[in-house]
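J.: A structural model of the following input is requested.
(one chain, ligands or ions: 1)
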Amino acid sequence: AEGRVALTVHGDRPGPVYDRRIFTQFAEHLGTGIYGGLWVGPNSSIPNTRGFRNDVVAALKGIAVPVIRWPGGCFADEYHWREGIGPKAKRPVKINTHWGGVTEPNTVGTHEFMDLAEQIGAEAYIAGNVGNGTPQEMAEWVEYMTAPAGTLADERARNGRKAPWAVPYFGVGNELWGCGGNMRPEYAADLTRRYATFIKAPKDTRILKVASGANVDDYRWTETMMREVTGQVDALSLHYYTIPGSWPPRASASVFDETGWAETLSEAMRMDDLITRHSAIMDKTDPQRRIWLAVDEWGTWYAGDPGTNPGFLRQQNTLRDALVAAVHLNIFAKHADRVKMTAIAQMVNVLQAMILTDGKKMVLTPTYHVFAMYKGYMDGTVLPIDITSPWYNKDKWTMPAVSVSAVRGKDGVVRIALANLDPNRPHDIAAALPGLTAQSVSGQVLTAPAMTALNSFSAPNTVTPAAFTGAQLQAGTLSVSLPPKSVVMLELK
Ligand code: AHR
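T.: Numbering: from 1, shown residues only. A predicted model of the protein is given here:
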């Protein structure tokens, strides 16, 4: 290792809460994200509960998914909720115009999605249709789901659900600057005000409204939205994907060299700057940071895997994706006073997925394991960090080699997450821990011999967490020997 990295974890200056909703998952009607990945139907030979696969649901429970965003994405702004209720045989079969032009049977609709959320123990984040739906359609959907009484509540009961569902989060359209209607921010802001007016929560309940936010670095969008919709919504979204190369994504998810590694991680690190800038704009109209920045689409986006439908966005997931996930989860800690919700795209079989399935086979991706390692962060208290990291450079890509965050969990355990972006060199870290009185350290490490390592159906445990023995705690100082290309989660007790 070259020199020691000086790190301070400020137990003496507890910061904001690391909101559990930062671990929200996005599940869109796209490719095999819903059909095949989650839903196989009650008559399938794949073990299921009311149509949802038991293996996938159990795995998702294992990472305590707090919230699921559904039904899109781009799909949301063409989705008509009435087509997904009532007897399945009578539901219209539509074309999924965004994703591969395949048929959408509407088999999974509101009742099925809510059942899935309940099976997993997650809250519902429903994305409404502003693109080609009306405010009335949106209002009626909200009433259908949440009303304790009335004609729509009766219809819900006839369709099998008497008690109202909770809808804690509702998205007022998605990507209104693009697939949601190609709007100018001024027009999108006006529509957001109009539609949001009719999203009404029943007495004694709350529905947090999320406005459709900017694409990447569209600061004018954020400025306009904040000027026009502050007071009407509770959150503004931001979408930023990690894409090596230019749009449309052409790079392979699993065949890459060190340049592809470095470029991808450098693009992931950009999230920090994007949040800083969008948040600074939000500060102008919302200095108290009441409006959340909801980064409700993030993650890697590569070319689809060879032999797959390009519209299905099916991609492999390697150790590189694990590092991308850790970098994001660490960046979100730094901005936890503004970023209360984020959603990785997407949950199963699509983009940077937790889980990949093929027929009855299922595998947990390296990204899944990162989410499992960070689980103790949920609703803990962020501890500020000072670090002078060495740099990692490859070709024109340059970045701090060590990414870190720390959270005191609700269980009192202090957790420190460290990611070494450098695929070649270990880094030795000496950490001062003012205000912390921990006596012992233990941890887990996620790494593999190759940076392209992945979990396949035939070798599902190639990238899997192992006990970490490279950390010592002596006289209040923590020393860590961080292996190359690794994610480490320490627990200090
Ligand atoms: O996650 C895939 C797509 O990316 C979503 O549908 C859309 O919102 C974004 O452009």
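J.: Return the residues of the stretch 51-200 of the chain in contact with the ligand.
T.: Residues of the stretch 51-200 of the chain lying close to the ligand (C-beta under 6 Å from any ligand atom) are G72, G73, C74, N174, E175. Heads up, the C-betas are built off the backbone N, CA and C, glycines and all.
J.: and the residue of the stretch 351-493 of the chain found nearest the ligand, what is it in contact with?
T.: For the stretch 351-493 of the chain, the nearest residue to the ligand under the criterion C-beta to the nearest ligand atom is L351, separated by 5.7 Å. By C-beta atoms under 8 Å, 6 or more residues apart in numbering, the residues touching L351 are Y241, G299, T300, W301, L313, Q315, A345.
J.: From these, pick the one nearest the ligand.
T.: Distance to the ligand across these (C-beta to the nearest ligand atom) is lowest for A345, with 4.1 Å.
J.: Skipping adjacent residues, who's closest to the closest residue to the ligand within the chain in space?
T.: Nearest residue of the chain to the ligand (C-beta to the nearest ligand atom) works out as G73 at 2.6 Å. Once flanking residues are discounted, G73 sits nearest to E28: 3.8 Å by C-beta to C-beta, 6 or more residues apart in numbering.
J.: before we move on, back to that, ok, which of the contacts of L351 also contact the ligand?
T.: Of the residues in the contacts of L351, proximity to the ligand by C-beta under 6 Å from any ligand atom holds for A345.
J.: want to throw the contacts of L351 into JSON lines with secondary structure and pLDDT?
T.: Output for the contacts of L351, formatted as JSON lines (DSSP: H, G, I helix; E, B strand; the rest coil; pLDDT from 0 to 100):
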{"residue": "Y241", "secondary structure": "strand", "pLDDT": "98"}
{"residue": "G299", "secondary structure": "strand", "pLDDT": "98"}
{"residue": "T300", "secondary structure": "strand", "pLDDT": "99"}
{"residue": "W301", "secondary structure": "coil", "pLDDT": "98"}
{"residue": "L313", "secondary structure": "coil", "pLDDT": "98"}
{"residue": "Q315", "secondary structure": "coil", "pLDDT": "98"}
{"residue": "A345", "secondary structure": "strand", "pLDDT": "98"}
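J.: Domain map for this protein?
T.: 4-11+383-492, 18-379 (automatic domain parsing).
J.: which one of those domains is the most hemmed in?
T.: Comparing the domains of the chain on average neighbours per residue, with mean count of other C-beta atoms under 10 Å, the densest one is domain 18-379 at a mean of 20.
J.: That one spans what distance, first to last residue?
T.: Start to finish, the residues bounding domain 18-379 are 5 Å apart (C-alpha to C-alpha, to the nearest Å).
J.: repeat for stretch 82-92
T.: So stretch 82-92: terminal residues 10 Å apart, C-alpha to C-alpha.
J.: Name the residues that touch it?
T.: By C-beta under 8 Å, 6+ apart, stretch 82-92 touches 94, 105-112, 137, 144, 155, 159.
J.: related to what we said a few turns ago, need the residues of the stretch 51-200 of the chain next to the ligand in a markdown table (columns: pLDDT).
T.: Putting those into a markdown table (pLDDT from 0 to 100) gives the following:
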| residue | pLDDT |
| --- | --- |
| G72 | 98 |
| G73 | 98 |
| C74 | 98 |
| N174 | 98 |
| E175 | 98 |
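J.: Tabulate the residues you listed in JSON lines, adding columns for secondary structure.
T.: Formatted as JSON lines, these follow (DSSP: H, G, I helix; E, B strand; the rest coil):
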{"residue": "G72", "secondary structure": "coil"}
{"residue": "G73", "secondary structure": "coil"}
{"residue": "C74", "secondary structure": "helix"}
{"residue": "N174", "secondary structure": "coil"}
{"residue": "E175", "secondary structure": "coil"}
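J.: for the host helix or strand of T224, packing partners?
T.: Using DSSP states H and E, T224 sits within helix 219-229. Here helix 219-229 touches helix 185-197, strand 208-215, strand 235-242, helix 258-285, going by 3 or more C-beta pairs under 8 Å, 6 or more residues apart in numbering; DSSP states H and E.
J.: one step back: need the contacts of stretch 82-92 in CSV (columns: secondary structure).
T.: Below are the contacts of stretch 82-92 laid out as CSV (three-state DSSP):
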residue, secondary structure
K94, strand
P105, coil
N106, coil
T107, coil
V108, coil
G109, coil
T110, helix
H111, helix
E112, helix
E137, helix
Y144, helix
E155, helix
N159, coil
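J.: Closest one to Y392 out of those residues, please.
T.: Nearest to Y392, judged by C-beta to C-beta, of the contacts of stretch 82-92 is V108 at 43.0 Å.
J.: The ligand contacts on the stretch 301-450 of the chain?
T.: Within reach of the ligand by C-beta under 6 Å from any ligand atom, the stretch 301-450 of the chain has these residues: A345, Q346, L351.
J.: Try it again at 8 Å.
T.: With the criterion set to C-beta under 8 Å from any ligand atom, the stretch 301-450 of the chain comes near the ligand through W301, L313, A345, Q346, V350, L351.
J.: what residue ranges in this structure score low on pLDDT?
T.: Along the chain, the model assigns pLDDT under 70 to residues 1-3.
J.: So which residues of it form helices?
T.: For the chain, the helices defined by DSSP state H occupy 54-62, 110-120, 135-146, 151-158, 185-197, 219-229, 258-285, 319-334, 366-373.
J.: The first one vs helix 110-120, what angle?
T.: Orientation note: helix 54-62 sits at an angle of 60 degrees relative to helix 110-120 (axes from the mean of the first three to the mean of the last three C-alpha atoms, to 10 degrees).
J.: Please apply the same query to the longest one.
T.: Put simply, helix 258-285 runs at 110 degrees to helix 110-120, going by the same axes, to 10 degrees.
J.: and if you look at the fifth one?
T.: Computed by the same axes, to 10 degrees, the angle separating helix 185-197 from helix 110-120 equals 80 degrees.
J.: So which elements touch helix 185-197?
T.: On a contact count with 3+ C-beta pairs under 8 Å, 6+ apart, helix 185-197 meets helix 135-146, strand 169-172, strand 208-215, helix 219-229.
J.: Need the ones you listed in TSV (columns: distance to I199).
T.: TSV is the format used below for the helices and strands packed on helix 185-197 (distance: least, C-beta to C-beta, whole Å):
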stretch	distance to I199
helix 135-146	5
strand 169-172	5
strand 208-215	6
helix 219-229	13
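J.: from the middle of its chain, how far away would stretch 19-28 be?
T.: Offset of stretch 19-28 from its chain centre (C-alpha atoms, centre = their mean, to the nearest Å): 5 Å.
J.: my read: R270 touches Y240, true?
T.: Yes - contact criterion C-beta atoms under 8 Å: R270 and Y240 qualify, at 7.3 Å.
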